[in-house]
Structure formats: C-alpha cells, structure tokens
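S.K.: got a structure for you, letters missing:
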Ligand SMILES: Cc1ncc(C[n+]2csc(CCOP(=O)(O)OP(=O)(O)O)c2C)c(N)n1
Ligand SMILES: Cc1ncc(C[n+]2csc(CCOP(=O)(O)OP(=O)(O)O)c2C)c(N)n1
Ligand SMILES: [Mg+2]
Ligand SMILES: [Mg+2]
C-alpha cells in the first residue's frame, strides 16, 4: 500500500496496465513527453517508449477516431481529452462511431477504448475548464460512463475501464486530483494523505463497473451523487448533523439501481446531486427513475442539487458551485416536506 | 388560409421572413439550388437569389460557425442540418460558441441563429437518419429548443425562432412532414389536408416560444410529450378510451412548467414521452421536475414512454418506435398504480 | 425583395437542368504523360501528380506510359468481371428497391473501377474503410452475393441483424470494416487502424474512401493530420464523382485546383487519377500500397470520375443537373474502357462479354431468389426482435434487460 | 516491457531539456528576397510564398525588398510603442498573477509584432477574432488599459462581469470579438462574419488568429473550406510560435513543409512571413486586407515566430524544452529589431527607448492602481452575484428566475 493522490493513482493504473498488456497505449494533447497538463501520464513515455505514450495533435475528433481505429485492430487505447470542456469536437466520433460499432457490425468489430478526461469546476478555470458534461454521455447507448471520487476508486475503476470490452468515458473530477474537497472554498486545502481512500495498492487491482458505494449509512434521507459532490455532501451532512445516507455512484452508466432503490426505500427521502447545470443533467435521470422505482416509499419530492442553468462563471465560481449550503437547503427541504 | 403540409408551412415561414427582413438567410447541405432533401427550402434561391439561399459544404461545424459569425454581424441566419443525426460534428460550435457568446461577452455580441433539422424515426432511415437528439440541446444553457407537431405550429414557431434574439435549435419531426402519424405503422397514410392544423395562413404570423398546448383535455391522467408522439398519444388515448389530457410542449427549452403542473395537479397521474432512448432523455427532465412540483398531487409514479437504450435499428424500427401499444401499457400502469 | 446580383460569391455549376450537357471546361491530360516516381519519394515531390491526372488507357484503349501496371489478361478479365457484376448487381437491386423489396439502395454506376481495381491492387488482408459506394470491393474480394443481398433486404440471414440501412455492409472476415452512415468519420479511424497494424508488426495496411463532398468535413483534416504526423501506412481515397447529392463539386472545392492537392499541405504523397481507368486505379493503389507497406507513409488519391446515376433511391438528379451528362463524360465508362482494351489485345470479344453479362445476370437473379428464401424486410422473417437489445454492450445491463421485458420479447 | 524502437513514427523535437538549444535545422531565407505579387493574384500563384519567408528587416536592421511597407517613422514609433507596452503590460500582469491578484495569465512575449503590426495594418473598423495571445491588438487599437486590467482581475468594472478567464477579452466598440477558450472555433466564425459584412455591402473585413497547434483542429479545415468556397474577405492567421503548451510544432505539422502551404490546398492566397519582423507582418497584413477588401478573397498567413515564455501561468517550459532557446531564436526579438531599425534611420535612440519603457511601466503601474480601486478577484467588489443569471438569454426564463431565488440574490 502507498499513499497516492488521485493523479498518482490514475498513473499507477496506467502503469500497471501498460506493463501487463502491450496492447494498452496512452495518448493525448501534451500527454506524451510532458506527461499531461495534470501529469496523469507522467513517466509513461520514458518507461514504455514513444509508441506507447505519445503526444497527439490538437484535434479531439481525430484522437477519438484514432483510438477507435486502433481498438478495432485489437489494441486497448487510453485517450486523454485535456479538459472535458474540449470533448465536444470529438463527440460525433463517440456518438456516431465509437459507441455503435459493436451494434452496427453485430459484434464483428468491437472498440474497447477508454477516454479519460478531467472535469468539473472549483479550480477557477472559467467556463472552458470547468464543465461537467457527463449527462451528454449517459444518453449514448453503447458507452459506459464512470466518475470516481477518490484515488483508490480511481485506480480500480480505470483498470476496469481499460479491461472493459466496451468504450468507457472516464471522468476525473480535477478538483479532487490533489485532495478531497468539502466544498468550503475558503477552507484549508486537505490532501489525500490522511484520507483512507488515499491508501492505494501499487499492484494491479480492479473494481467492478456498475457498482455504487454507500459511503455513509444513514436513515433520514438518501443523497445520490458522484465525483466531487460526494465530499461536499459528506461535509454538509456532518455540518448539519443529519443522519443521511450517501451513495457514491462511481459508475453512471449503467448506474447501480439496486443500491439506490435499497437506500431510498429505506429512507423515504432523496436528493440527487450533480455539478452540471440542472436542466437535463444526470440528476434528472436519477430522479425520474427513483420516483418510478421507489414511489410508494417516497415521503417528499426528490430534490435536485445542481449547478445553475448558465455557463460556469469565473469570478462567481463559488456562487455557482453546488456547495455545502445548497445541500443543507435541499436537506431541510426534503426533511420538512 | 391554405392547406399546407409541414414542409410547405416551414417553407412559407422562411418565405415570409426572407421577404420581410433582408437579414434573414437560409443555407445548408443541398438546401440552396435543390431546395433541401426534404424540399423545405424549395424555391427560395430562385426567389431571393444565390446569396440568400445557398448550398453549404458538407461540414456541419462550419455551417454552425458561419451562421454564428453572420449573426454576430447582425444577420439572422437559418441553417439547415440535413438530418439531426448529423448535428454532432457541429455540436462543439453550439455548446462552446453559439450558446455562450451573449454570456461571455456580457451582451456585447449576440447570435440570433436558427438551426433547423429534421429528426426522429419512422421513415426506415436506420440508425443515422432517425435520431431524436433534442435532450442534448436541452442541457446547453443559452439555446432554446423547439419541436412542433403540426404545420400550423411549425410555421408560427419557426417565425418566432427566426425573430428570437437567442439561438434556437428547431427540430422538425420528419415523420410528420407529409401527414400526421398515429404510430400504427401498417395503417393508411393520412395527409395534413384533413387536419385542422393543416390550415395555415399564407401571411406572416408567429407563435410564442415557451408555451405548450393542451391538445386534448382530460381528467384521468396527463401525457406530456412533443413532436410525433403527440399524435401517437392521441391515437392511443382514443383507442383505449381513456380520458387523458395531452400536452404538446412545442418548446422544450424553456418548457411551459405552468401548463404542465396545472394539468398534473388536476389529473394526479402522468406519462412523459419521447422518441429518443430512455436514459437521460428529455422525459427524465420532465419527470424530475414534475415529481418535484406536483409531488402531493401524484397518485402514481410518473411513467416514461421512450425509445430503447440502443441505436435506432433499421428492420425492427416498429419494435423500437414508441407506438400506441407502449402508451397503452404505460396508461394502464399509471391508472392501475 | 427580388433577385439581384449576389453580394458574396457562391459557386455554381456550368450547366443546370434544361442546359446542354457540357464538359468542355474540364482539362484532360493525355494518357501516359504522368511520371511514376519511386515509392519512397518524398511527399512534396509528388505535387505535380496532385495537379495532373494519372491515366493509362488512352483514347484508343491502349495502355501507355510509366503507370501501366502490366496486368495479365487474366487479371484484367477478372477485373472486368467484378465490374460487370457490380453493375448488374446494382441495376437489379435498384429494380428490387423500386418493387419494395428493400427500403433504400445506392448504386455505384460509373465508378466501378474505383472500388474494384483498388481492391485487386490491395492484399485481401488489408483493412478497408469504404463509404457506401464501394460495393465493388466486396465482389473483388469474393463475398457471397446471397449474403450481400440478405443484408440489403434485412432478412433473417442479414449478418447485421437488420440494424443497418441497405448497402451499409460489414464483413470482418473479408477485412471490410463497418460502413458508417456518417460521412468521413472513418477516414481518421482508418489511420488509427493502420497505426495499430504497424504497432503489431504486421504488414497489413488500411485504406479508406470518401466522396469529394465529404472532403469538406473536419474529419478529413483530422485524418490527414494523423496520417502525416505518424506516417501511417494508409491510403486515403477521395472519390471525386462531381456530385454530393444535389451539390456540385465546386461547393466543396471552392477555389482549389484539385482535391488531391489538399494532401500536399500535409506533406503527403498525392495522386490524382482517372477514376474510370481500371489500370490507372490499379497502378495508383499498387504504388500507394507499396509505399505504405515499406514504411514511407500515406498517400492521398483523388479518383476523378462521374456519378452516372442518382445519389440514392431517394433522389432524382434531373432536379439539379442536365440529363445525358453521363453519356458525354470525357473519361468515359470504366467497364467499356477495360472491355475495349481487352478486345484490342485480342483477349476478349463482344460475344464473351454478352455471355458474361448474361451469366452474371442469372447469378444475381438466382442469388436473389436464394436470398429471399431467408426472408424480406417486408414479409420477414427478420432477425429475432430480441436482437434489438444485443450488441449494445458485450452484456446487456439492467436497463436493457428491463426494456426487453417491457417489449415482451 | 521496456523501451524499444518505436513501432510507428512519432515526431520528436531536435532538442529536449538538458540539450543545447539549437536552431541550425531552420532555414532562414534572406530578407528582401520574396516577390510581392499584385493583390489580385490567383491563389495558386502564391505557392512559392507559402514555402518561403517574407522578410523585410535584414540582419543589419535595414528594410529591404518589395515587401517594405514604407512606413513613416511616426508609424514605426507608434508600432514600437504598442509592442513595448504589450511587453511591459505582460510582464507586470505576470508578476501580479504570481502575487495572487488574478487567477491566470498568458503572455505574448516574443510575438508582439504579430498582433501589433497586423492591427495597425488593418482598419480599426475591421473585426478581429483573436486567440488569447494577441493582446497587442488592443493596445494598437487604443483600448483603455485600466479596462483591460479590470477584466483580468474580474472586478466590478470588468466589462465581462467576471465571467471569463483573464486575457479572454471582448471589446465590441473596438471591433474585437469575444475570445474563446476553445481553440480554433473562431476561425470559421470569422469567415461567416466577413461574408455578412460583404452581404451588407460594407468594406469591413475580418481577421482571425490561431496557433500552429490549433491548426490541427477540424475547424481549421472548415474555415478554409468556407473561405475558399465563398471567397470571403477574411485573413486567416496561423501564428507558428513552435509550441503548443508542451508540444512542439512537429506534432501538428507532421511531414508538412510549412503551415502556410495548407492554404494552397484550398486555392487561397498564402504567405509565410517572419513574425518577428514588424514590417513584414505589417506588409503582409496590408496586402491581404487590400486583397480581401477588393473582393479577391481570403489569405492564409503563417507568422513564423517563437513563444519566448511559458504557455501560461499554469506551465513551466523547462519541463519540455531547453532553457535559453529564446535568446538564440534566429529571427530575433521583434521589439529589438524594430528599435534597431529606427535607430539606424536616426529616428530613435537608446535614451528615448529607455524613457519610453519607463513611461509605459509607470502607466501600467498607475493603471493597475486605478484598476484595483474597482476591486480584485480576491477581495472584491465583483460584479453583483445576480449577474450570474444575466445574459444567458435576452430575458431569463422561469428556470433562471427560480435559480436566482434559490441562491437568494
Ligand atoms: C455527417 C453527415 N452529413 C451529411 C450527411 C448526408 N449525406 C449523405 S451522402 C451526402 C453527399 C455525399 O457526397 P460525396 O461525399 O461527394 O459522396 P458521393 O455520394 O458522391 O459518393 C450527404 C450530404 C451524412 N450522411 N453525414
Ligand atoms: C478545443 C481545445 N482543445 C484543447 C485546448 C487546451 N489548450 C489550450 S492552449 C493549447 C495549445 C495551443 O497551442 P497553439 O495553437 O500553438 O497556440 P499558442 O498557445 O502557441 O499560442 C491547448 C492544447 C483548448 N483550449 N481547446
Ligand atoms: Mg461525390
Ligand atoms: Mg503555438
């Protein structure tokens, strides 16, 4: 076991997988020699050579397409999109191609590509370095969508994503790269060193896709979320002294409906939370499905905690980010209802 | 008043607006000389000249970007994307640019672009001529999203979209171009001639964006939908003899929350319906919001009628398309619950 | 507001419906003129080949010049056969579509050489990423015609389980990738595939085809950037058949002298060839394949041809171009030209040609009969309804299992 | 698995950290050599200018050749002043960023001529679509420095209401479009804008700038296709400063001889110029603007330059390139070269230069003081929190009204 932050944990997953399987390649903008603007791919070129970890031209569509073509030939490429905000030029290659090749070829070709991309705000990145576009990907039949909230999960899930025979869009909440973040923007920065999930085996391991974690058991209400907001929810719950159950989805597609319904059927009250703008975010899918599956257990309307329906503003980042206060408001709302 | 099908009604809106305002231009792939593969822009080049209705290169990103640049200079471009399935190469220009220019320039530049695009299945188009990607666009702050269900609305809403000072993504359910469609794939084709909404004034008029229509009043349950499924819902309701209220949203962003909640508060039961794959479709947003706003009135879980979470298959189109039987099943479910 | 002089430039074709067909503005260099450089030539040194036109068969149907691939009569007869079969198949399928046997069809009439000669010049193990107009590749690679038809009529034997529109073939065994309905998306995929083959130490290369209209897509640029940066063993074909549905090539070309020239901007090898000349297509592909296999990188090939028929069964070209253009297309008909060449060599004659057409026609008719015995789109049987939910993922998740249950299958 | 010979080609720069800086592989044609064609020349006839390098200032700092724009000493002094101001401003802002006064900053050090000379050669009414490294345009167009700073520190006077990252300026009054954080997206927008200006019968043209790394994006191709097809009055600038964050230009260029050559594939006019030569940039822009305004269409200009400093405040170049490269960059420093030229003409001297630097430094310091009086990102005041909900649409809809209420503002 070693202490790792999320960057190191992701790097370790790549390292293990590249060691293990010569078909695993890693590439992206600035992801080769330099090791990525967030250093997730650091050292891989030195260790595995130019043709296993390399720089790509600035063309996200071409990056996805190159990965798709490579995967069709039997490789397991891991492509980095520098920021999730920049995945859109490559979206057509994901929607129309990568996600559908197994289906439209009736299984004659498969494309086990992993697309890694840092997402989310909280780093003063302004509107083009802060997006959480995960809901776009949850609408695409044929891809799986993952977003870990800590180093241990990050490594295990990235390993599973690379080994998965279907394409995975792997979101890395960049606000968590260097430490857990409770949403109190002014507070002291904490590091993964002290966090139990900062303990990460150096050797290969994988965690199953499609399985959520109950990160806090509780009886009064259920909070279903993922990524950075897992920590914000925890902080808000502690702060407010409410006995909430908190579920870290980890995989968004397919989401772990059993763990969710078990919790909501128990608590009867539910909050779904996402950092993305509220309208048509992934919280909408969760709320729609939960109200259907847990209708008779629900004692109050499901509340959505989310970013506002605006671009991510730079200066007012902390009025945009769904921080602890917004969770507290929502908890009061569902409890008082 | 004239009898018009939806193609003629859309053409008439373009004709009126181009007549009225020299800043209105129309372009797209095959949309100039030939008048569009569905003939929506027929005759415009002949009448208004090469520089007002013209063919564009096959590059959807460039088409959106050209429109954006033109709009920033004060024009009101109407760009056609030949099929909604092909809008994805242009999505980045919509997400990162068109939708945000007013915001990021703090109102110094605005981009009143209308993007028209035929969507939906039911014409044996296979997976690349059948998509209903509207939910993607409902996640984008800064754009409005419209989908009419008949010629009269199509003309009035397209006029409003062109006059609107913000970008509008205007979806045209192609299955309805030539006639209403009740979802019975084997049945006789009907035309707009006999339909009251096939009566369309030849002169300019506009209909407000953001306003839904109650197309059928009823007391037992509410069906909230838009586009082709409005007609399918009507047919299913008649077939089953259920006194359902049917709401045609017409505008998805911003959706008419008042009309929706008034109806659901009255009936206490609700179905939301979309043709797109179920997961994270626009029905999820509707269900999430309705359960929040109408929780205490709801007597049964909101049901979602939707396409399956697969690409749109070609041969089994009618097993994929959410036809009357799927509505009937859902109605029984909500009524029996 | 009435029509006035356009205030900005919008290109328009020389002639429109009602006008007399006219190709006098098209310059056709003589056959045999183009030099054939060594396959390891630097990309920039092929600039003249991007601006000229590689032609082997001259107006007397003789093979001339450095690019003559010197094929045996057997090879040429085989090529002729595949081209005739392609045409016969296309014609029959169009008729069947008109009879309601399938939902849609796309012919490749006039462009048969582009696909057939290229396929013959490649190894059968090379991976192809075609668009919807290179069905000739399948014939050249010997795909079973009944299988092809079963796909087009979406029946129970359709190897794509009825999921794709007709003509959107996939045939992994034959190294024929899944055709996309989305234009140009596969161009950069082919580059990635080729890189992977090289990475694995194989001699396999990849080739892709798009139309000239499709060259306007962003993915075109992405493919060429990748191919240039990584010197990938790939052949990137632009089939310039003058039309993109109703849109003439000038909307994609703008002021560009040729489509092949675009490749020069990336330092790639570039060839512009007579796409209706079987021998030129063969020679160019052979050259590019050899170059790729030897590690000298990618070649961009523009095949200059003419779409002799409609875009698809969904359009009628008389709405946007004069009738009769195909008859006066200055590069002629690829089948006729190869046929005459063989006749000139004394290796073929009209009788054998007629017999071949008859034989292939009968084959196609018989094949259709057999195909129909596995069902049609209209009357079934199709692949089981439950197959809708298969192959979305390796294993269906709970959502798909529930949905399958909802559908009751 | 250990490192072995790469199995496919991946370009790498000549030198890396630890190596000795070396530009001996870069060919620099002599100043004055390039011919200056008439502005109505056909695009393809400018091919040689895509492969050469337009240079006016020679190694003795004399202006030579056909491209000398023959500026007055006043014009050149003005240009020098804007360039010095740009540099002084950049240096100060970097310091302030290091002090935590703003979240982020991007310098244009070494590339000042690219922006300043172009802006001076354009009309102030021409619309510019810059990337984040052409702040020089703002100085040349006389934007208020306090306003610029208020944007960078996101305070209550930020004309963008704190919504954009620092250096992502917008200034409609100055015909300076809203800078995007997304690369290359504005290249095709500039073409659309130019077409609209032409449509309206105005003489306004548009210009856009991207980096060489950004030229790999699909939107680059889209822009050139549009510009060529519609012969739009636009100038499309590629600023080749050798680096894209940590990535050397070879990853975008691949085997391409120059970036300007790409324009030839579209039949556009193409110029490759010494980007550190104020007079060359001025002359090339003037030529392209005249060409555009006269209706002869677009020009692609590659400015060959060197990013002398870090990409942004988020990176440290010593991680990917040797230190000291800027000092030996063969095209020198644009400020120094124009300064020496003016000194050579007897129109400038070291004292005046020092005085200018001092004056501008003081101006910048005083401006910052004033800017800070309107608040800073850290301590406020900022634009009102409620402004988050403004300008998403012309009018907020019910969702935004509710959300504003939820936030309690
Ligand atoms: C991304 C995308 N945009 C638009 C279309 C619609 N479309 C199908 S074929 C076609 C024309 C293609 O012309 P070209 O590339 O010249 O090929 P050809 O049909 O001539 O072989 C168009 C616009 C599409 N299939 N995909
Ligand atoms: C679409 C997109 N992809 C990636 C990025 C991240 N990014 C910002 S600047 C940059 C490098 C750009 O290099 P270049 O175009 O050469 O411009 P320069 O910084 O040298 O001026 C990258 C990759 C982005 N902003 N947008
Ligand atoms: Mg074509
Ligand atoms: Mg650069």
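M.R.: On my side now, so go ahead. Quick caveat, the model's predicted, so the values are computed rather than measured. Ligands and ions are numbered 1, 2, ... in the order given.
S.K.: and the helix or strand harbouring residue C:194, what's its mean pLDDT?
M.R.: Taking DSSP states H and E as the definition, residue C:194 sits inside helix C:186-199. In this model, helix C:186-199 carries a mean pLDDT of 98.
S.K.: With stretch C:48-59 instead?
M.R.: The model assigns stretch C:48-59 a mean pLDDT of 98.
S.K.: so does that stretch get close to chain D?
M.R.: No. Using CB under 8 Å from any CB of the partner chain, we find that stretch C:48-59 stays clear of chain D, coming within 8.8 Å at best. Placement of C-beta: from N, CA and C, glycine included.
S.K.: Buried residues in that stretch, which are they?
M.R.: C:49, C:50, C:51, C:52, C:53, C:54, C:55, C:56, C:57, C:58 (16 or more other CB atoms under 10 Å in any protein chain shown).
S.K.: circling back: how about the helix holding residue C:194 and ligand 1, any contact?
M.R.: No. Interface with ligand 1: helix C:186-199 contributes nothing (CB under 6 Å from any ligand atom), its closest point being 11.0 Å away.
S.K.: Residues in contact with the helix or strand following that helix: which ones?
M.R.: Sequence-wise, the next helix or strand downstream of helix C:186-199 (DSSP H and E) is strand C:206-211. Strand C:206-211 has contacts (CB atoms under 8 Å, 6 or more residues apart in numbering or on different chains) with A:69, C:114-115, C:118, C:122, C:126-131, C:133-134, C:183-184, C:186-187, C:189-191, C:193-194, C:197, C:217, C:220, C:223, C:232-241, C:244, C:285, C:289.
S.K.: pLDDT on strand C:206-211, on average?
M.R.: On average, strand C:206-211 scores 98.
S.K.: Does anything pack onto the helix or strand that that strand is followed by? Which helices or strands?
M.R.: Moving toward the C-terminus from strand C:206-211, the next helix or strand (DSSP H and E) is helix C:218-229. Counting contacts by 3 or more CB pairs under 8 Å, 6 or more residues apart in numbering or on different chains; DSSP states H and E, helix C:218-229 is packed against helix A:60-72, helix C:186-199, strand C:234-240, helix D:218-229, helix D:250-253.
S.K.: Leaving out chain neighbours, which residue sits closest to whatever residue of the stretch 201-350 of chain C ends up closest to chain D?
M.R.: Nearest to chain D, among the residues of the stretch 201-350 of chain C, is residue C:218, at 2.3 Å (CB to the nearest CB). Using CB to CB, 6 or more residues apart in numbering or on different chains and skipping residues adjacent in sequence, the residue nearest residue C:218 is residue D:218, 2.3 Å away.
S.K.: what's the neighbour count on that neighbour?
M.R.: By other CB atoms under 10 Å in any protein chain shown, 30 other residues sit near residue D:218.
S.K.: Surely it is in contact with residue C:224?
M.R.: No. Counting by CB atoms under 8 Å, residue D:218 stays clear of residue C:224, with 11.0 Å between them.
S.K.: now the residue most central in space within chain A, nearest residue through space, not along the chain?
M.R.: Nearest to the mean C-alpha position of chain A, by CA atoms, centre = their mean, lies residue A:147 at 1.6 Å. Excluding its sequence neighbours, the residue lying closest to residue A:147 (CB to CB, 6+ apart) is residue A:171, at 4.1 Å.
S.K.: List the strands paired with the helix or strand encompassing the one you found, with their directions.
M.R.: Using DSSP H and E, residue A:171 sits in strand A:168-173. According to DSSP bridges, strand A:168-173 forms sheet pairs with strand A:114-119 (parallel), strand A:144-146 (parallel).
S.K.: Can you redo these as JSON lines, where the extra columns are mean pLDDT, distance to residue C:138 and mean neighbour count?
M.R.: Below are the strands paired with strand A:168-173 laid out as JSON lines (pLDDT from 0 to 100; distance: least, CB to CB, whole Å; neighbours: other CB atoms under 10 Å in any protein chain shown):
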{"stretch": "strand A:114-119", "mean pLDDT": "98", "distance to residue C:138": "32", "mean neighbour count": "27"}
{"stretch": "strand A:144-146", "mean pLDDT": "98", "distance to residue C:138": "33", "mean neighbour count": "27"}
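S.K.: Quick one: closest of these to residue D:167.
M.R.: Comparing those against residue D:167 with CB to CB, the closest turns out to be strand A:114-119 (21.1 Å).
S.K.: Any chance you could list what contacts the closest one?
M.R.: A:10, A:28, A:38, A:40, A:64, A:67, A:76-84, A:87, A:94, A:131-134, A:147, A:158, A:161-162, A:164, A:167-174, A:177, A:227.
S.K.: likewise stretch C:23-39?
M.R.: C:14, C:45-46, C:48-49, C:52-59, C:64-68, C:274, C:277, C:283, C:287, C:290-291, C:294, C:296, C:325, C:328-331.
S.K.: Cross these against helices and list the overlap.
M.R.: C:48, C:49, C:283, C:287, C:290, C:291, C:325, C:328 (DSSP state H).
S.K.: for the first one, what are its contacts?
M.R.: Pointing back at residue C:48 there. C:34, C:35.
S.K.: next one: the second one
M.R.: Residues touching residue C:49, when contacts are defined by CB under 8 Å, 6+ apart, comprise C:34, C:35, C:37, C:260, C:270, C:271, C:272.
S.K.: Which member of those is positioned nearest ligand 4?
M.R.: Ligand 4 lies nearest to residue C:270 out of the contacts of residue C:49, by CB to the ion, at 26.6 Å.
S.K.: Checking that closest one next. Helix, strand or coil?
M.R.: What DSSP: H, G, I helix; E, B strand; the rest coil gives for residue C:270 is strand.
S.K.: correct me, but the residue of the stretch 201-350 of chain C closest to chain D touches residue B:89?
M.R.: Yes. With contact defined as CB under 8 Å, residue C:218 counts as touching residue B:89 (6.1 Å).
S.K.: list residues touching both of those two?
M.R.: The contact sets of residue C:218 and residue B:89 overlap at A:61, B:59, B:61, D:218 (CB under 8 Å, 6+ apart).
S.K.: Quick check: of these, which has the highest neighbour count?
M.R.: residue B:59 (34 neighbours).
S.K.: Can you give me the separation between it and residue C:222?
M.R.: Distance, residue B:59 to residue C:222, using CB to CB, to the nearest Å: 12 Å.
S.K.: Could you do residue C:402 as well?
M.R.: Residue C:402 is 38 Å from residue C:222, by CB to CB.
S.K.: what do you get for residue C:290?
M.R.: 26 Å.
S.K.: Looking at those two, which one has more neighbours?
M.R.: The residue with more neighbours, out of residue C:290 and residue C:222, is residue C:222; 33 against 16, by other CB under 10 Å.
S.K.: now the residue nearest to the spatial centre of chain C, nearest residue through space, not along the chain?
M.R.: Against the mean C-alpha coordinate of chain C, by CA atoms, centre = their mean, the closest residue is residue C:134 at 3.2 Å. Spatially, and ignoring its direct neighbours in sequence, residue C:134 is nearest to residue C:115 (3.9 Å; CB to CB, 6+ apart).
S.K.: Distance-wise, check the residue of chain A found nearest ligand 2 relative to residue A:98.
M.R.: Evaluated by CB to the nearest ligand atom, chain A has residue A:86 as its residue closest to ligand 2, separated by 3.7 Å. To residue A:98, residue A:86 is 17 Å away according to CB to CB.
S.K.: Those two: who's more crowded?
M.R.: In this view residue A:86 and residue A:98 are compared by other CB under 10 Å, and residue A:98 has more residues nearby, 28 against 23.
S.K.: Which pLDDT value belongs to that one?
M.R.: For residue A:98, the predicted pLDDT is 98.
S.K.: Just to check, it is in contact with residue A:109?
M.R.: No. Under the criterion of CB under 8 Å, residue A:98 is not in contact with residue A:109, lying 11.1 Å apart.
S.K.: residue boundaries of the strands in chain C?
M.R.: Secondary structure of chain C (DSSP state E): strands at C:127-129, C:206-211, C:234-240, C:243-244, C:247-248, C:269-274, C:299-304.
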